[in-house]
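Next one to model:
(2 chains)
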Amino acid sequence: MSEKSITASRRHMGLKAASRVSNTLIHILLTVISVIWLIPFVFILLQSFRVESTWQVGYVVPKTWGFANYINLFDSDFPRWYMNTFIVAVVTAVLQTVIVLCMSYTLSRFRFKGRKLLMRFMMILGMFPGMLTMIILYRVLSDLGMTQANAVPGLILVYIASSGMGYYVSKGFFDTIPKSLDEAARVDGATRFQVLKKIILPLSKPIVIYTILTAFMAPWGDYVFAQYVSMGTSAGKNVAVGMYGWLNKDQIASRYTMFCAGGVLVALPVTILFMCLQKYYVEGVTGGAVKG
Amino acid sequence: MKQYTDLEYLRLNRLQRLGYRLASGFRAIPKKLASFFAGIGRGIGKAGRAAANEFSDIFTTFINGDFKTKMSYLVMGFGNIARGQVLRGLLFLLFEIVFIGYMVLAGGYWIGMLPSLGFQGREEVMSKGKFGRSVTTYVYHDDSFKILLYGVLTIFFIIAFIYTWRLNIKQNQIAEKILKSGKRLKSGRDDLRSLVDDQFHKTLLALPLTGIVVFTVLPIIFMILVAFTNYSGANDGRVNLFHWMGLDNFNAMLNWSSGATSYAATFGEVLAWTLIWAFFATFTNYFLGMLVAMAINKKGIKFKKGWRTILVLTIAIPQFISLLYVSKMFAKDGLINLTLMDLGIIDMEHLLPFWEDPTWARITVILINIWIGIPYLMLITTGILMNIPADLYESARIDGANAWQQYSKITLPYMLFVTGPYLLTSFTGNMNNFNVIYLLTGGAPTNYKSTAPGTVGYTDLLITWLFKITQGAEAKYYLASVVGILVFVVVAVISLIVYNLLPSIKNEEDFQ
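Reported below is the predicted structural model:
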């Protein structure tokens, strides 16, 4: 072996060793990150089984395990809140998906007068803080009798009504389906509606699922509008508003572990659904969010 | 300042280049502003000409039109029905009848009351009830809230009517032309068919746009108008009327004359923190998220899918649970302080003031936001990182570039180029990030120096402050809408500047 090739192979070995070291470091780093990211959820889970005390304590693993917190949930308004949120989430998921898809498909596929203007207009509308409109929407809804105990239809109406503004992600997706497909079908005599039904929709499964999933998940976490609409009554609250109250100064001592139990019950179905459909969520986020 | 040619520019070092780009960027601002206003001027001119054309067209159509057309100026849809397009004609006619009926029965009242917003609110009527006791009953008269709302709605309706009336005339004109050339008019069946074919976009957009107009456009216009009234919890419009106040509210919010105790001082402080927060929330998440994505993507890392799944899992859990839980964890009597006390690191007197000290609180929300945001950013950046052509790195490595050079010369420029628009929306989104701030701190710790309504705190963003102003019996809706309008102005200005500085505004047709 010549001198040169020896140094080369030594250098190669050195590089390999260096990359092994850095890979080990990265593995350690990723483990630390994973622990940090998961730990609060593990804590919630553990504390939901604690029965010896109901307030915040300086340890995590319960001394006495039990289901008391879960049982207590059913003596509170929690089941009602849960049902409210669930109904809102399901109905919103369906209707919002229809609206968003109509909007994004049209803006992606049709070239009509005023299209650019419409998109720019919606962009400007989006710059207004949405919270501003809640005051008036609350008044109108309360005149229609859709607040307090009847908050569910009111919430659904407000969630879906303006959902057309969130068309960006799915428009980005439709933009990537080649237009030549439509044109070929049009030449063969298909109407626009047939093109949508027979060609575009079958290709759009990922984005449809993504839209349903995000629309379903949003109402579980909405605090601000739900708080407005249900103001003053317990029966119209959703889980976020109801459980927020449990952590107030006057309730936290008796409700803290119940909050954890409730959190587990809320997070479980959403998380399971999310994990099953994770593939589509990732596709939607990586494909659409940036282009939009 | 000297303008460089391309070759001269390439000879500059990096710092000089940056300085040059910034300087020329700022130099271009007057020019851009000038062209912006010139554009507005041109737009107004164009609109004026278009309006003049419309009027002359309406006039000449009337002069040249036949009897059916002339009749349609008064009875909408007459021409359509007379020419056999019954469906269209009936719709026109129906719309006219509904409009006239509405204006006579209600619309006239709302429009008429709009300048005053009502004359009399709730009236107390004393009467002798049973057993000679005096009984107070309440009689409600005008309602400023409804007057403002229905007044705006009526104006919308009038505009829609004028548009439809114009459409009706245009259709007569077109129909005459078609018949003259000997062709057949579209029948009602053709019209219906076109709704799923070449007019399909109208069918698809009808529902979403109605929702947006009724639930977004109308409320926004209403709330902009509220900024010019004294609508508040006390002056709710029903019991006590509210009235037009002109620019008084803007003056109250932005007037600096009373110094540190003025609302303007509070507004300035909250705005400054909002911008700082948005900056850190956006860029810490962006760079750390990218770092995590690169770490997972790196060759030789095992369980790539597993790491990603763990992070993605945390996206699924509703934010209010994690945020509220973490918020309590950092509280004075929370898990972290209690644990540190048990370990003997701190004592009762020296609890860590995560939410009590302004600086601690601000840093803590930014750190927790990193915890919230990284998984999402990791997902977004993973996809883009994989799209960077591998041969770029290959050739860089052959030329002897180290990891940092590869990152700063290839990865970062590519990422910034692709994610530029995303960074902008994420920045403005963070400015309005209600959930994270409100659920974590509720704006605490309270800023007792401020005299502004809404008990503003040191971590309050403009948006959470706005929310607080609208709460309770002391609510001052007019001030909230002033804040809302100012938020809009700030967001719009930032977006305009950034859009102009972005390397390229992508062409949407490129993707297809």
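
now B:V213: how far from B:A160?
The gap separating B:V213 from B:A160 is 10 Å, by C-beta to C-beta, to the nearest Å. Glycine gets a C-beta too; all of them are placed from N, C-alpha and C.

after the helix or strand that contains B:S327 comes which helix or strand?
For B:S327, the host element (DSSP states H and E) is helix B:319-329. Using DSSP H and E, the helix or strand that follows helix B:319-329 in sequence is helix B:335-342.

does chain A sit close to the next helix or strand after that following helix?
Of the helices and strands lying after helix B:335-342 in sequence (DSSP H and E), the nearest is helix B:358-387. Yes: contact of helix B:358-387 with chain A (C-beta under 8 Å from any C-beta of the partner chain) involves B:371, B:374-376, B:379-380, B:382-384.

out of those residues, who's nearest chain A?
When the residues of helix B:358-387 next to chain A are compared for distance to chain A (C-beta to the nearest C-beta), B:G383 wins out at 3.1 Å.

got the contact list for the residue nearest to that closest one when sequence neighbours are not counted?
Using C-beta to C-beta, 6 or more residues apart in numbering or on different chains and skipping the chain neighbours, the partner closest in space to B:G383 is A:T286 (3.1 Å). Residues in contact with A:T286, defined by C-beta atoms under 8 Å, 6 or more residues apart in numbering or on different chains, are B:379-380, B:382-384.

and what of B:L423?
Here B:L423 is in contact with B:282, B:286, B:416 (criterion: C-beta under 8 Å, 6+ apart).

Give me the pLDDT value at the second one.
In the predicted model, B:Y286 carries a pLDDT score of 92.

So which bits of the stretch 1-150 of chain B are right by chain A?
B:145, B:149.

host element of the residue of the stretch 1-150 of chain B found nearest chain A?
Proximity of the stretch 1-150 of chain B to chain A (C-beta to the nearest C-beta) peaks at B:F145, 6.1 Å away. Following DSSP H and E, one finds B:F145 within helix B:144-180.

Scan the contacts of B:L423 and report the most crowded one.
B:T282 (24 neighbours; other C-beta atoms under 10 Å in any protein chain shown).

so A:V285 sits right up against B:T381, yeah?
No: with contact defined as C-beta atoms under 8 Å, A:V285 does not reach B:T381; the gap is 10.5 Å.

Which of the two has more residues huddled nearby?
B:T381 (26 against 20).

which intervals of the stretch 1-150 of chain B have sub-threshold pLDDT?
B:1-2 (pLDDT under 70).

Repeat the analysis, applying 90 as the threshold.
B:1-40, B:54-89, B:107, B:113-146 (pLDDT under 90).

What segments of it are strands?
B:123-128, B:134-139 (DSSP state E, counting those that start in this stretch).

how about the CA coordinates for the first one, as PDB?
Taking C-alpha atoms only, strand B:123-128 is exported to PDB below (Å, rounded to 0.1, in the frame of the first residue of the first chain):
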ATOM      1  CA  GLU B 123     -88.400  54.000  29.100                       C
ATOM      2  CA  GLU B 124     -89.600  53.500  32.600                       C
ATOM      3  CA  VAL B 125     -93.300  53.700  33.000                       C
ATOM      4  CA  MET B 126     -94.700  54.000  36.500                       C
ATOM      5  CA  SER B 127     -98.200  52.800  37.000                       C
ATOM      6  CA  LYS B 128    -100.500  51.900  39.900                       C
END
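
what angle sits between it and strand B:134-139?
Here strand B:123-128 points in a direction 150 degrees away from that of strand B:134-139 (axes from the mean of the first three to the mean of the last three C-alpha atoms, to 10 degrees).

hmm, back to that, what strand or helix carries the residue lying closest to the residue of the stretch 1-150 of chain B closest to chain A once chain neighbours are set aside?
Among residues not flanking B:F145 along the chain, B:G237 sits closest, at 3.6 Å (C-beta to C-beta, 6+ apart). Using DSSP H and E, B:G237 sits in no helix or strand.

quick one, what contacts B:G237?
Per C-beta under 8 Å, 6+ apart, neighbours of B:G237: B:117-118, B:121, B:143-148, B:231.

Return the distance of B:E124 relative to B:R133.
For B:E124, the distance to B:R133 (C-beta to C-beta) stands at 15 Å.

Likewise for B:I388?
Counting by C-beta to C-beta, the separation of B:I388 from B:R133 is 85 Å.

picking that back up, mind putting the strands of the stretch 1-150 of chain B into a markdown table with mean neighbour count?
Below are the strands of the stretch 1-150 of chain B laid out as a markdown table (neighbours: other C-beta atoms under 10 Å in any protein chain shown):
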| stretch | mean neighbour count |
| --- | --- |
| strand B:123-128 | 9 |
| strand B:134-139 | 9 |
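
Kindly reformat the ones you listed as TSV and extend each row with distance to B:S56.
Converted to TSV, those look like this (distance: least, C-beta to C-beta, whole Å):
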stretch	distance to B:S56
strand B:123-128	53
strand B:134-139	53
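
where do the helices sit along the stretch 1-150 of chain B?
In the stretch 1-150 of chain B, the helices defined using DSSP state H, counting those that start in this stretch lie at B:6-11, B:14-64, B:67-72, B:78-82, B:86-102, B:108-113, B:144-180.

Just say which of those helices is most tucked in.
Among the helices of the stretch 1-150 of chain B, helix B:78-82 has the highest mean neighbour count (mean count of other C-beta atoms under 10 Å in any protein chain shown), at a mean of 22.

Quickly check: stretch A:251-270 near chain B or not.
Yes: contact between stretch A:251-270 and chain B, assessed by C-beta under 8 Å from any C-beta, occurs at A:252, A:256, A:259-260, A:263, A:266-267, A:270.

among these, which are in helices?
A:252, A:256, A:259-260, A:263, A:266-267, A:270 (DSSP state H).

ok, back up a step: which SSE is the residue nearest to B:G383 in?
In this structure, A:T286 sits in helix A:278-291 according to DSSP H and E.

Now that helix: average pLDDT?
On average, helix A:278-291 scores 72.

can you tell me which residues contact B:G442?
With C-beta under 8 Å, 6+ apart, B:G442 has these contacts: B:457, B:464.

Run a quick neighbour tally on residue 268.
Going with chain A. Neighbours of A:L268 using other C-beta under 10 Å come to 12.

Oops, wrong one, chain B.
Neighbour tally, B:G268, other C-beta under 10 Å: 13.

quick one: low-confidence ranges for the stretch 251-400 of chain B?
Using pLDDT under 90, the stretch 251-400 of chain B drops low at B:251-266, B:294-320, B:325, B:328-356, B:376, B:379-400.

what residues does the stretch 401-512 of chain B put near chain A?
B:418-419, B:421-422, B:425, B:428, B:432, B:434-435, B:438-439, B:462-463, B:466-467, B:470, B:477, B:480-481, B:484, B:487-488, B:491-492, B:495, B:506, B:508, B:511-512.

buried subset of these?
Using 16 or more other C-beta atoms under 10 Å in any protein chain shown as the burial test, those include B:418-419, B:421-422, B:425, B:428, B:432, B:434-435, B:438-439, B:462-463, B:466-467, B:470, B:477, B:480-481, B:484, B:487-488, B:491, B:495 as buried.

Which of the residues you listed fall in helices?
B:418-419, B:421-422, B:425, B:428, B:434-435, B:438-439, B:462-463, B:466-467, B:477, B:480-481, B:484, B:487-488, B:491, B:495.

got a pLDDT number for the closest residue to B:T459 other than its chain neighbours?
Of all residues not flanking B:T459 in the chain, B:T441 sits nearest, at 4.6 Å (C-beta to C-beta, 6+ apart). In the predicted model, B:T441 carries a pLDDT score of 90.

Wait, B:T441 touches B:N435, no?
No: the pair B:T441 and B:N435 fails to qualify as a contact (C-beta under 8 Å) at a distance of 11.7 Å.

how many neighbours does A:Y228 have?
24.

quick one: contacts for B:D347?
Counting by C-beta under 8 Å, 6+ apart, B:D347 has contacts B:M341.

Tell me the backbone dihedrals of it, please.
phi -120, psi 180 (degrees, to the nearest 10).
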